[in-house]
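Participant: Have a look at this prediction, sequence included:
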Amino acid sequence: MLVKVHGSAVFGVDAITITVEVNIDKGIGYHLVGLPDNAVRESSYRISAALTNVNYKLPGKKIIINMAPADIRKEGAAYDLTIAMGILGASNQIQSDTLHEYVIMGELSLDGNLQPIKGALPIAIKAKEEGFTYLILPKENAKEAAIVEGLTVYGVSNIKEVIEHFNGEQSLEPEKINSEAIFNSFQNNLDFDFSDVKGQESIKRCMEIAAAGGHNIILIGPPGAGKTMLAKRLPSILPPMTLDEALETTKIHSVIGKVKDSGILYQRPFRSPHHTTSDVALVGGGQYPQPGEISLAHNGVLFLDELPEFRRSVLEVMRQPLEDREVTISRAKFTITYPSSFMLVASMNPSPSGYFNDENNPLLSSPAEMQRYMGKISGPLLDRIDIHIEVTPVPFEKLSEERKGESSTEIRKRVIKARAIQSKRYEQFDEIHYNAQMTVKQIRTFCVLTEESKRLLKNAMEKLNLSARAYDRILKVSRTIADLEGSSEVNSAHIAEAIQYRSLDREGWLG
């Protein structure tokens with residue numbers, strides 16, 4: 001008897017429906033075809049033991065299983081339950097009349113229990129798109145898949161529950177979740193708050209500007225100045241994710257099995273890879289393609305601590321994703337595109353010793369040593385960072401103050417207001433939503449300078465030896481400063497403040 005049951009393969013951040021055809025005939029043997037990897041081929045042992053332990057059996061006949069389309073490689077143990085239900089249907093141990101309405105996925109333990117799988121959300125989205133009515137998968141993945149409306153999701157703990165469901169002995173309870181209510185209830189749950197930061201008012205202002213315009217930022221300062229503390233609090237002042245952004249971000253994290261119990265990511269991601277990370281770990285790829293850190297930071301923040309300690313080849317692979325806001329992994333047999341729209345926050349010491357031009361510290365580095373250290377970061381990469389700011393140590397008087405600083409909630413209100421102005425400004429542009437994304441054409445249109453502002457910028461570039469690449473970055477940042485003030489014009493005060501945030505373009509840093 002021939003039975004068809006449906007599963008799904010995750011490819012990049014999307015899923016492809018896999019049809020598992022099971023034919024049982026006279027003879028002996030177990031034949032699995034359709035480009036399965038070792039984990040899929042080993043499923044016969046797990047299925048046999050699981051069925052025996054729930055008082056069912058693998059039929060002693062010739063079993064031929066085809067996984068179509070046959071030109072797509074099938075990977076992992078998540079097809080165990082799919083194949084098992086096909087075998088039970090083909091051997092008349094379950095009623096198979098409605099099997100075609102289901103997508104079934106799950107990894108079997110030898111006792112029949114189900115282990116969680118990766119990519120439940122992309123699988124559910126694809127099942128809904130292709131008109132399937134039901135989705136059966138492990139209990140741990142049910143909330144994640146139930147986010148998709150219009151699809152009945154069943155979370156199960158043991159294969160016996162699925163068998164009894166198809167035989168009409170016991171009905172499964174569909175998983176129900178109000179994703180919007182859960183998403184909204186967690187919006188103000190902040191893990192870190194700017195009120196914890198003592199002093200550093202000018203740096204907080206700089207972080208507010210970066211959040212309001214979506215600008216990449218680098219913090220330069222000696223050890224213990226608070227660079228990491230400030231960076232970790234940046235997501236708390238970014239605008240809350242929309243439900244669409246949350247679903248898009250959850251989809252990426254689902255592929256690597258990193259979705260929380262709530263089933264949806266409700267806060268912007270904050271990723272902080274170690275400086276020993278490889279280029280593949282950062283951008284994604286590998287033998288079995290997985291999204292990298294820049295994609296896991298999509299709609300959030302990627303924090304690179306101790307930037308010069310990263311290998312130069314690792315940093316250089318970020319140049320294209322920073323511009324295109326997506327990364328394409330190309331191999332001989334496939335091409336995968338992962339979204340990677342993130343804010344880059346980097347921190348670094350100003351010299352190998354951690355101190356530069358500090359007369360009170362004996363661990364001074366010479367200008368030549370400092371230049372070699374700074375030279376590890378390429379100009380093209382720095383060209384994609386809008387704001388450079390020096391972070392100085394906090395004096396004792398500030399550290400010992402009892403008074404708390406301004407909270408993230410208050411700062412976020414101003415950021416949201418500025419982002420609303422930008423959304424309205426760029427509503428006719430599909431790919432531009434905030435100031436950091438402006439092209440040269442938009443800069444010329446929306447950053448018109450007065451004669452006074454032009455003179456100020458000209459003098460600054462000449463006297464401070466600012467590089468040519470700083471020009472557009474200053475205009476973008478000044479446009480954001482104007483938006484925070486609710487000003488339609490970019491005036492000289494906005495330009496003057498933006499000039500302060502280009503430390504690395506000055507003579508004595510990178511020349």
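Facilitator: Sure, I can see it.
Participant: ranges for the helices of the stretch 251-400 of the chain?
Facilitator: In the stretch 251-400 of the chain, the helices defined using DSSP state H, counting those that start in this stretch lie at 279-283, 293-296, 312-316, 319-324, 367-374, 379-382, 396-399.
Participant: just those: most buried one?
Facilitator: The highest average neighbour count among those, using mean count of other C-beta atoms under 10 Å, belongs to helix 293-296 at a mean of 26. C-betas here are computed from N, CA, C, even on glycine.
Participant: Look up the pLDDT of Ser353 for me, please.
Facilitator: Looking at Ser353, its pLDDT stands at 65.
Participant: So Gln371 versus Tyr471, what's the distance?
Facilitator: The gap separating Gln371 from Tyr471 is 23 Å, by C-beta to C-beta, to the nearest Å.
Participant: To clarify, my last question referred to Gly27.
Facilitator: Gly27 is 77 Å from Tyr471, by C-beta to C-beta.
Participant: These two: which has the busier surroundings?
Facilitator: More crowded of Gly27 and Tyr471, by other C-beta atoms under 10 Å: Tyr471, with 15 against 10.
Participant: Chain neighbours aside, what residue packs nearest to the more buried one?
Facilitator: In space, and not counting its chain neighbours, Tyr471 is closest to Met461: 7.1 Å by C-beta to C-beta, 6 or more residues apart in numbering.
Participant: just to confirm, which helix or strand has that neighbour in it?
Facilitator: helix 451-463 (DSSP states H and E).
Participant: and what of Ile481?
Facilitator: helix 470-485.
Participant: Now do that helix, average pLDDT.
Facilitator: For helix 470-485, the mean confidence score works out to 92.
Participant: gap between it and the chain center?
Facilitator: With C-alpha atoms, centre = their mean, to the nearest Å as the basis, helix 470-485 stands 27 Å off its chain's centre.
Participant: Also stretch 221-232?
Facilitator: Computed by C-alpha atoms, centre = their mean, the chain-centroid distance of stretch 221-232 equals 23 Å.
Participant: okay, which residue is most central for this protein?
Facilitator: The centroid of the chain falls nearest to Leu296 when counting by C-alpha atoms, centre = their mean (2.4 Å).
Participant: Pull the number of nearby residues for the nearest residue to it once chain neighbours are set aside.
Facilitator: Spatial nearest neighbour of Leu296, excluding adjacent residues (C-beta to C-beta, 6+ apart): Arg271 at 5.3 Å. A total of 18 residues lie near Arg271 under the criterion other C-beta under 10 Å.
Participant: Show me which positions of the helix holding Ile481 end up buried.
Facilitator: For helix 470-485, a neighbour-count test (16 or more other C-beta atoms under 10 Å) marks 470, 472-484 as buried.
Participant: Make sure Val197 is actually in contact with Thr228.
Facilitator: No. With contact defined as C-beta atoms under 8 Å, Val197 does not reach Thr228; the gap is 11.2 Å.
Participant: between the two, who's got more neighbours?
Facilitator: Remark: of Val197 and Thr228, Val197 carries more neighbours, 22 against 16, as counted by other C-beta under 10 Å.
Participant: who are the neighbours in contact with Ala418?
Facilitator: 212-213, 480, 483-484 (C-beta atoms under 8 Å, 6 or more residues apart in numbering).
Participant: Please, which helix or strand holds it?
Facilitator: Per DSSP H and E: helix 408-425 holds Ala418.
Participant: returning to that earlier point: contacts for the helix holding Ile481, please.
Facilitator: Under C-beta under 8 Å, 6+ apart, the answer for helix 470-485 is 208-209, 212-213, 215, 386-387, 414, 417-418, 421-422, 435-436, 438, 440, 443, 446-447, 449, 457, 461, 466, 488-491, 494-495, 497-499, 501-502, 505.
Participant: one more time with 7 Å
Facilitator: The contact list for helix 470-485 (C-beta atoms under 7 Å, 6 or more residues apart in numbering) reads 209, 212-213, 215, 386-387, 414, 418, 421-422, 435-436, 438, 440, 443, 446-447, 457, 489-490, 494-495, 497-499, 501-502, 505.
Participant: Check stretch 423-430 too.
Facilitator: 432-433, 446.
Participant: can you check stretch 227-245 too?
Facilitator: With contacts defined as C-beta under 7 Å, 6+ apart, stretch 227-245 is touched by 180, 183, 187, 190, 192-194, 197, 200, 203, 207-208, 211, 219, 221, 249, 267-268, 270, 299-301, 303, 305, 345, 347, 391, 408, 411-412, 415-416, 419.
Participant: Just the buried ones out of those residues, please.
Facilitator: Buried among those (16+ other C-beta under 10 Å): 183, 190, 192-194, 197, 200, 203, 207-208, 211, 219, 221, 249, 267-268, 270, 299-301, 303, 305, 345, 347, 391, 408, 411-412, 415, 419.
Participant: for the stretch 101-250 of the chain, what spans make up the strands?
Facilitator: 102-104, 107-108, 114-115, 134-138, 152-156, 217-220 (DSSP state E, counting those that start in this stretch).
Participant: between those, which one is nearest to Ala70?
Facilitator: strand 102-104 (18.9 Å; C-beta to C-beta).
Participant: how about that closest one: buried residues?
Facilitator: Residues of strand 102-104 classed as buried: 102-104 (neighbour count, 16+ other C-beta under 10 Å).
Participant: ok, these vs Glu401, which is closest?
Facilitator: Nearest member of the buried residues of strand 102-104 to Glu401, counting by C-beta to C-beta, is Val103, at 58.2 Å.
Participant: residues contacting the nearest residue to the closest one once chain neighbours are set aside?
Facilitator: Nearest non-adjacent residue to Val103, counting by C-beta to C-beta, 6+ apart: Ala127, 4.4 Å away. Ala127 makes contact with 8, 103, 135, 151, according to C-beta under 7 Å, 6+ apart.
Participant: centre of the chain versus the longest strand along the chain, how much separation?
Facilitator: The strand that spans the most residues within the chain, counting by DSSP state E, is strand 14-25. Put simply, strand 14-25 sits 31 Å off its chain's centre (C-alpha atoms, centre = their mean).
Participant: Name the strands paired with the helix or strand following it and say parallel or antiparallel.
Facilitator: Per DSSP H and E, the first helix or strand lying C-terminal to strand 14-25 is strand 29-33. According to DSSP bridges, strand 29-33 forms sheet pairs with strand 62-68 (parallel).
Participant: average pLDDT for the partner strand?
Facilitator: Regarding strand 62-68, the rounded mean pLDDT is 96.
Participant: Pull the residues that contact it.
Facilitator: For strand 62-68, using C-beta under 7 Å, 6+ apart, the contacting residues are 18-34, 36, 74, 83, 86-87.
Participant: Ok, stretch 21-32 next?
Facilitator: Contacts for stretch 21-32 (C-beta under 7 Å, 6+ apart): 1-4, 40-41, 44, 59-66, 68, 86-87, 90-91.
Participant: Would you map out the domains in the chain?
Facilitator: Split into domains by automatic domain parsing, the chain comes to 2-177, 189-424.
Participant: With distance to Ser453 added, can I get the ones you listed in TSV?
Facilitator: Converted to TSV, the domains of the chain look like this (distance: least, C-beta to C-beta, whole Å):
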stretch	distance to Ser453
domain 2-177	44
domain 189-424	17
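Participant: mean pLDDT for those: which is lowest?
Facilitator: For the domains of the chain, the weakest mean pLDDT is recorded on domain 189-424, namely a mean of 85.
Participant: That one: how far from the chain's middle?
Facilitator: 13 Å.
Participant: Let's see which of the contacts of stretch 423-430 end up in helices.
Facilitator: Members of the contacts of stretch 423-430 lying in helices (criterion: DSSP state H): Phe446.
Participant: of the contacts of stretch 423-430, closest to Ile117?
Facilitator: For the contacts of stretch 423-430, the nearest to Ile117 is His433 (33.7 Å; C-beta to C-beta).
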